[in-house]
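In: Next comes the sequence, and after it the predicted model I'd like to discuss.
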Amino acid sequence: MVEEITRPHKGIFDVVVFANKQIRGTFYRLGLEFSGDGAAAFAKAKAGQFAQIDLSGIALPPAEGIAEDLRDASERKILLRRPFSFCDVSGHRGKTKVEILYCALGPATLRMTTLSVGKSVSVIGPLGNGFQMPAGKKMVLLVSGGMGAGPLIHLAKTLTADCPDVEAIAFAGAKTKTELPFERPTDEISQQLGFSLHEFARFGVESQLATDDGSAGYEGLVTDCFSKWLVQRSLAAKDTIIYSCGPEKMLARMARIAEEKKIDCQISMERMMACGIGVCQSCAVKCKVNGSSEAIYKLCCKDGPVFDSREVVFKL
Amino acid sequence: MDISVEFGKLKLANPVFTASGTCGYADELADFTNINHLGGFITKSITAKPRQGNDTPRVVETDSGMLNAIGLANIGLDSFVQEKLPIIAKLTVPVFVNVAGETIDDYVAVVQRLATEQAIAGFELNISCPNVAKGGLSFGTDPALVAEITTAVRQAAGEKVLMVKLSPCVTDISVIARAAVDAGADALSLINTFTAMVIDIETRKPVLANKTGGLSGPVIKPIAVYLVNKVYNEVTKERGIPILGLGGIRTASDAVEFIIAGATAVAVGTANFIEPGCATKIIEGIKKYCVRKEIKNIKELIGSLE
């Protein structure tokens, strides 16, 4: 117990890669194993929090392993750490395993794909504020766009463990089925709405898919799919909460839906960051000040990345 | 082996500072490092009134560097006094407050209010911020204005050490350095960032909302070393004015280069974003260098360029 108190709640740690798997297309899942103080700090990592990973010393994959349209830009050297949220955190025998869902699309994430098992990497975290679960909620709605699914998968797991009486349903959207960051093929899912995605189903959470082009699931925006579903169900607003992560345009639509239906909604925002620890002031998110027309900047890294959807002034 | 240095009238335990804008106001890095182990600490810029800062994106990475256009976002003088001064008062490290403003009166107001505070060792005058419409760099590029603002602030600063932070975006940095020293600066810090731009070739727009930003990081280091050496030789050496050298320092060898070039102390900036607490490692590295080179007192190293 004494040890628990003296251990840091966040810090800079060297951690070991235990897995780095291409799940499909440009999507990968990186597994990091923390020991010692790092294991203690990350054991308490909440869904929606993030870590800053130093990828500057990692080699690029060979040119033929990089999509042609990314080759030129990927040659740029990187300097700053990159922020990643978690899709799973688990502890075992004093170690903590953290999994990160990522998409290889730039100089840093392409380098990340070459991290092999056993390699060491420097991680700062856990950082920021995760999703909060207010008391008294009976229905949880998880709505993600593209890569935004990661922290919501983590949240689905947390909810199962911490709030077993709460019902949860996930909605996952992307432009097209190849941009859905899930492991199993979605062809069969496109046949029947409501087919569960394994990533959520393993925590007893049903899911629905939407793609802009209709190549899997609902044809259209995930926010429209969600809206229509919401109309069909008569949920008690005060018992319900929405958690959402995805592109800012999508989050703005979610905020509008939540406001119309008077449902609490927490969104995970994204900004270009340098430090991730609240000192550089780069990752400003414009927020309304309660009861005034004024707006102030909060920091995505320190005050967020999870915000109340009513608070944010979106950049559109 | 002694790595303590005299910086104006201050005696510093070691020559390593953290640079303004990279370490918050006081205790923000407490999770990662012990600030009291530093030679000196410089706060984020403080202005008379709070500033929200620029729209986003405020930062973009480039090869071996980054551009920032934060726009001097800060809590303002009153909140600084109420919230941050009590924390600073508990630190044992000498603390410099970085001061910015749109007018000379703005600068004077901040300095006057803080000049009697025991907790503060000195001021760093920011006349070199490239990311604000008024003030900032517009002061730092005109020797007459540099003289005027330095004189005004010198008076307001009382007994505190006054350091003036110079921009590299000038034709001859020594002209500006001389203007500051002649007007009463006790020390100079150089360099601030270079005005720069990154363009998104898909949209053909600048990436930063402010269009331009200040370039920092390892990419600017050799230029910073050169400018420190130039100012040391042309202005400060004969006047006995210390230079705080900064620009792209991330290792002990980087720091040693600046000291050889003529800096009495150095500041770590952008590297704090990547490795908060790297200043402590740099201090250890400087000690090791001195041991290896049989340097008994680091003062032997200052301006020792052959």
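Out: Structure's in. What do you need? Computed from a prediction, not measured in an experiment: that's the story for all the values here.
In: Now do residue B:55 against chain A, distance only.
Out: The spacing between residue B:55 and chain A, counted by CB to the nearest CB, to the nearest Å, is 8 Å. Bear in mind the C-beta positions are built from the backbone N, C-alpha and C, glycine included.
In: got a pLDDT number for that residue?
Out: What the model reports as pLDDT for residue B:55 is 94.
In: Report the contact partners of the nearest residue to it once chain neighbours are set aside.
Out: Spatial nearest neighbour of residue B:55, excluding adjacent residues (CB to CB, 6 or more residues apart in numbering or on different chains): residue B:209 at 3.8 Å. Contacts for residue B:209 were tallied using CB atoms under 8 Å, 6 or more residues apart in numbering or on different chains; they are B:54-58, B:69.
In: For the residue nearest the centre of chain A, what are phi and psi?
Out: The residue lying closest to the centre of chain A (CA atoms, centre = their mean) is residue A:151, at 3.1 Å. Backbone torsions for residue A:151, taken as degrees, to the nearest 10, come to phi -60, psi -20.
In: For whatever helix or strand residue B:162 lives in, list the C-alpha coordinates in PDB.
Out: Per DSSP states H and E: residue B:162 is located in strand B:161-166. This file holds the C-alpha atoms of strand B:161-166, laid out as PDB (Å, rounded to 0.1, in the frame of the first residue of the first chain):
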ATOM      1  CA  VAL B 161      19.100  40.900 -13.100                       C
ATOM      2  CA  LEU B 162      17.900  42.000 -16.500                       C
ATOM      3  CA  MET B 163      18.500  39.700 -19.400                       C
ATOM      4  CA  VAL B 164      17.400  40.600 -22.900                       C
ATOM      5  CA  LYS B 165      16.500  37.800 -25.400                       C
ATOM      6  CA  LEU B 166      17.600  38.400 -28.900                       C
END
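In: Point out the other helices and strands that the lowest-mean-pLDDT helix or strand in chain B packs with.
Out: Sorted by mean pLDDT, DSSP states H and E, the helices and strands of chain B end with helix B:137-140, the least confident at a mean of 82. Contacts defined by 3 or more CB pairs under 8 Å, 6 or more residues apart in numbering or on different chains; DSSP states H and E place helix B:137-140 against helix B:143-157.
In: pLDDT on the helix it packs on, on average?
Out: Mean pLDDT, helix B:143-157: 95.
In: Which elements pack onto it?
Out: Here helix B:143-157 touches helix B:104-114, strand B:122-126, helix B:137-140, strand B:161-166, helix B:173-182, going by 3+ CB pairs under 8 Å, 6+ apart.
In: buried stuff in that helix?
Out: Buried residues in helix B:143-157, counted by 16 or more other CB atoms under 10 Å in any protein chain shown: B:143, B:145-147, B:149-154, B:156-157.
In: Residues touching it, excluding its own?
Out: B:99, B:104, B:107-108, B:111-112, B:115, B:122-123, B:125, B:127, B:138-140, B:162, B:164, B:175-176, B:178-180, B:182-185.
In: make it 6 Å
Out: Residues from elsewhere that reach helix B:143-157, judged by CB atoms under 6 Å, 6 or more residues apart in numbering or on different chains: B:104, B:107-108, B:111-112, B:115, B:123, B:125, B:139, B:162, B:164, B:175-176, B:179-180, B:183-185.
In: Of these, select the buried ones using a ChimeraX command.
Out: The buried residues among the contacts of helix B:143-157 can be selected in ChimeraX (16+ other CB under 10 Å) with this line:
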select /B:104,107,108,111,115,123,125,139,162,164,176,179,180,183,184,185
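In: Spit out the contact partners of the residue most central in space within chain B.
Out: In chain B, the residue lying closest to the centroid (CA atoms, centre = their mean) is residue B:19, at 4.8 Å. Residues near residue B:19 by CB under 6 Å, 6+ apart: B:246, B:267, B:269.
In: quick one: which of the residues you listed is nearest residue B:282?
Out: Nearest to residue B:282 among the contacts of residue B:19: residue B:267, at 10.3 Å, using CB to CB.
In: so does the one helix or strand the closest one maps to get close to chain A?
Out: Under the criterion of DSSP H and E, residue B:267 resides in strand B:265-268. No - on the criterion CB under 6 Å from any CB of the partner chain, strand B:265-268 is out of touch with chain A, staying 12.3 Å away.
In: what distance separates that strand from the centre of its chain?
Out: On the basis of CA atoms, centre = their mean, to the nearest Å, strand B:265-268 sits 8 Å off its chain's mean C-alpha point.
In: Report the buried residues of it.
Out: Buried, per 16+ other CB under 10 Å, within strand B:265-268: B:265-268.
In: Packing partners of that strand?
Out: Applying 3 or more CB pairs under 6 Å, 6 or more residues apart in numbering or on different chains; DSSP states H and E, we find strand B:265-268 packed against strand B:16-18, strand B:243-246.
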